[in-house]
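Novice: Here's my sequence, what's the structure:
(2 chains)
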Amino acid sequence: MNRILAVLILLVALCVQGQSQVQASGEASTYVLKTAQTTSPRATNNGNPTFGWRFDLFLDAKVTDKVFVLVDTRALPDEVINFDYVALRIVNLADLGFNFQMGKFDMPFGNLADRRFATKDFLYGLPLIYEYRTSLPDQVATRADVLGSRGKGVGMRLIDLGVYDIGAMVYGDAGKAHYAVAVANGTISSTYVRHLNDNSDFNKILRFAYTPIIGLTLGVSAAMSAYLSDEGKPLPRDQGSLHYQQLIGDVDVEFSRERFLFNGEAVYSKWTVPFENEDTDLSAFGYYAEAKYTWFPRFYTAARVSGLVFSRVQLEGISPRWDNNLVEIEAGVGYHLDRSTLVKLVRRETRTLEVIGPKDNLTVLQLAVAF
Amino acid sequence: MWTLVCYTVETDSPDDWLIMSSKLVNCRPIMDSWRAPLMIDVRQGVIGSPLLLVAFLMMNSGSPLFGQEALRMGEIRGKITITKSEDDIQKPPPVDRYSTHRLAPTSMSGAGMSSSAVKLSERAVIYLESQSSKAQNFQPPTAHPILDQRDLAFHPQVLPILVGTTVEFPNKDNLFHNVFSYSSPKEFDLGRYPTGESKSIRFDKAGIVRVYCDIHSHMNATILVLENPFFAIPDDGGAYVIKNVPNGTYIARLWFGRDLAASQSVSIKNGESVSVNFTY
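Specialist: The predicted structure follows:
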């Protein structure tokens, strides 16, 4: 209730500012979906069909020619309203040619950008690297804890949803190049619950993107930070939390021409994990490639292939992967009822390699409206 | 600008305007700036060559009708006064929030996303409707009117064309646009093409075509696909003239921005000049 009130107060405050130029926009989406009846984190509602919805409200205020306030709120069923984005932006800071932003916002890592929203997402879900929760928690855990959590979806994501985190950033363009440098409380894999920095390290993030020709952008991102909380379970050895770092790198490509759009990312992450008898490096590699083609006005088809590959750990003479490798294919069709309204029918198949049992899948019909 | 005006000899009724290709009886070249019947380019304003004009002059010099038929055509002139304050309909968002992740969109001039004052001549059109002219087939121009994608906006915001006209959509920005329309007279999706390239669409059905950019949601324009060539674009002071209007009764309409703003009934008799002013 308090958050709803806060949104309303924010709306009113922004709108009554005669000096400010405020733009309110957003989108709403509803869906009906059914997943396979499995115990995996990819299953929803025990495999029973269900309806759902999501609402996003964006507020952009131009306070002066150089100062902006940006706010995103998000609401989901059975959740309070979340503030995903509350940031102050100063463009061309002190006439130095670069821009500055501070607050809570999506960190400059990867190229998901506005494709996270239903009207811009070709399909229904996000790629595995953004959605799938691995078996590695951001707390101290034993080897058995991690291995016992494989496929249960209780740990960190590779890239935590939209990488919304609290921090500061400097960014700008130089010719065909774009750069961004940011520091934040959390890590790329663990942003969601970090309202305060819970160790003495900030996440350091770099992004560089180059657009050699119109329609093609190549990007590279990297980040490193301590990922364990000082307030969590005690560390097993004398090393402080600063010793346990996450190093993560990402390359991305965005290409479009005529009616064809393509996006892809590949990401590699390594965590130094304080297992009970020794520090161990765990790593994961993830990727996705997605394409969309508009066949004729209003109608398109799209497909995405994404996957996760996990490294192995030693346990009593065997070396299992610390989480189950996954391959996922998502494909669908989209039809624009009008300029702002999109209906999508999407099918997703997930294969958990090396695991015998029912396969995950999802079928969803989604209606999304931008306003 | 040279324009060819073609007409019948028997009557000055609007019903007797001819299809140039099949029933040409008489033509006369005139030099003017208005958007006349059978004019080739409503905005670019260039037609034919001097040799062609001389040929037509020679062909028609012996005709007793040459130079006389124009007297049987009336004109509508007037002034548009816009009193209503209206936001720029292509006003860009105050900030591009994903300029944190990729190159910020910039126009050809490098100006970025900024709202600029829009000329009245780019957002207002006066056109005539009549039942009699609906039944006729006017020859569309061979030259193609242009709807620019420039400075992250469409120019003009309103483009009047005659049914059958082909419109060019050049991209003059240093980034992609994706022009599309889901309007019933013409649905199209031009896809993404770079600076300097152009695509064209022929509009064969009369009506209102709303045009958007799939990448820059603030960009929008309206193409008025009209059943007759009796339309005009005002100058930036609001003055307009529709010349060579056949005798008859019409509804004069003012289109402003995205909307039909006003309508008035008007009659042309004996080739007279009628004044029609609009206030919106």
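
Novice: Please name the residues that touch the closest residue to residue A:313 other than its chain neighbours.
Specialist: In space, residue A:313 comes closest to residue A:322 once its chain neighbours are excluded; the distance is 5.0 Å by CB to CB, 6 or more residues apart in numbering or on different chains. For the C-beta atoms, the positions are set from N, CA and C on the backbone; glycine is no exception. For residue A:322, the contacting residues are A:134, A:135, A:136, A:146, A:147, A:150, A:282, A:310, A:311, A:312, A:313, by CB atoms under 8 Å, 6 or more residues apart in numbering or on different chains.

Novice: burial of the closest residue in space to the second one that isn't next to it in sequence, as a residue count?
Specialist: By that I understand residue A:135. Leaving aside its sequence neighbours, residue A:135 sits nearest to residue A:149 (CB to CB, 6+ apart; 3.7 Å). Other residues within reach of residue A:149, judged by other CB atoms under 10 Å in any protein chain shown, total 19.

Novice: what about residue A:149, distance to residue A:136?
Specialist: For residue A:149, the distance to residue A:136 equals 8 Å [CB to CB, to the nearest Å].

Novice: Need the residues touching each of the two.
Specialist: Contacts common to residue A:149 and residue A:136, judged by CB under 8 Å, 6+ apart, are A:155, A:323.

Novice: if we can go back for a sec, ramachandran angles for the residue nearest to residue A:313?
Specialist: Backbone torsions for residue A:322, taken as degrees, to the nearest 10, come to phi -80, psi -10.

Novice: hmm, back to that, which members of the contacts of residue A:322 occur in strands, if any?
Specialist: In this view, the contacts of residue A:322 that belong to strands under DSSP state E are A:282, A:310.

Novice: want to throw the contacts of residue A:322 into CSV with neighbour count, distance to residue B:154 and pLDDT?
Specialist: Formatted as CSV, the contacts of residue A:322 follow (neighbours: other CB atoms under 10 Å in any protein chain shown; distance: CB to CB, whole Å; pLDDT from 0 to 100):
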residue, neighbour count, distance to residue B:154, pLDDT
A:134, 29, 47, 96
A:135, 23, 52, 95
A:136, 27, 51, 95
A:146, 23, 56, 95
A:147, 16, 59, 94
A:150, 20, 54, 93
A:282, 23, 53, 97
A:310, 21, 50, 97
A:311, 16, 52, 97
A:312, 12, 57, 95
A:313, 18, 58, 92
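
Novice: Output the contacts of residue A:322 as CSV; include the columns distance to residue A:242.
Specialist: CSV is the format used below for the contacts of residue A:322 (distance: CB to CB, whole Å):
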residue, distance to residue A:242
A:134, 22
A:135, 24
A:136, 18
A:146, 21
A:147, 26
A:150, 28
A:282, 18
A:310, 25
A:311, 23
A:312, 26
A:313, 23
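
Novice: From the contacts of residue A:322, pick the one nearest chain B.
Specialist: Within these, proximity to chain B (CB to the nearest CB) peaks at residue A:134, which comes in at 24.5 Å.

Novice: any idea how far residue A:216 is from the closest one?
Specialist: Plainly put, residue A:134 is 32 Å away from residue A:216 if you go by CB to CB.
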